[in-house]
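Peer 1: please work out how this folds:
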Amino acid sequence: MHVYFWGVTAEATGTEMLEIRFSGPLTELKENLLQSYPSLSEWKHVITVNGSVASGDQKVEDNDRVDVVPPFAGG
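Peer 2: Below is the predicted model of the structure:
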């Protein structure tokens, strides 16, 4: 799985992309990321899976694309 970080989330993790092996609930992936990158918890962020905003209990697969992005506004 590729996990991409954008904006302040990339700054908080020190990377723009991780390649990891994971299959399971999104909540577990988030816990793993927060354990590896505690500073990520200081920033509000939205997680998308394959381009759609994800919910906490959603299952993610090893071949999914996950993006961790700061909140954004459009107009």
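Peer 1: every contact and neighbour count from this point should use C-alpha atoms.
Peer 2: Noted.
Peer 1: so L26 touches D57, yeah?
Peer 2: Yes - L26 is within contact range of D57, at 5.9 Å (criterion: Cα atoms under 8 Å).
Peer 1: and the two? Which one has more around it.
Peer 2: Under the criterion of other Cα atoms under 10 Å, the comparison of L26 against D57 puts L26 first, with 21 against 11.
Peer 1: need the three-state assignment for the residue most central in space within the chain.
Peer 2: Centrality entry for the chain: nearest residue to the mean C-alpha point is V68, 3.6 Å, by Cα atoms, centre = their mean. For V68, the secondary structure call by DSSP: H, G, I helix; E, B strand; the rest coil comes out as strand.
Peer 1: which residues does it contact?
Peer 2: Listed by Cα atoms under 8 Å, 6 or more residues apart in numbering, the contact partners of V68 are 3-6, 9, 45-48.
Peer 1: with V8 instead?
Peer 2: For V8, the contacting residues are 43, 70, taking Cα under 8 Å, 6+ apart as the criterion.
Peer 1: state the next helix or strand along the chain beyond the helix ranked longest in the chain.
Peer 2: Counting by DSSP state H, the longest helix found in the chain is helix 26-36. Helices and strands here follow DSSP states H and E; after helix 26-36, the next one along the chain is strand 46-49.
Peer 1: which helices and strands sit right next to that following strand?
Peer 2: strand 65-69 (3 or more Cα pairs under 8 Å, 6 or more residues apart in numbering; DSSP states H and E).
Peer 1: please report how far the residue lying closest to L29 once chain neighbours are set aside lies from G7.
Peer 2: Excluding its sequence neighbours, the residue lying closest to L29 (Cα to Cα, 6 or more residues apart in numbering) is F22, at 7.6 Å. Distance check for F22 against G7: by Cα to Cα, to the nearest Å, it reads 24 Å.
Peer 1: rewinding a little: partners of the residue nearest to the centre of the chain in the sheet?
Peer 2: Beta-bridge partners of V68, counted by DSSP bridges, are F5, I47.
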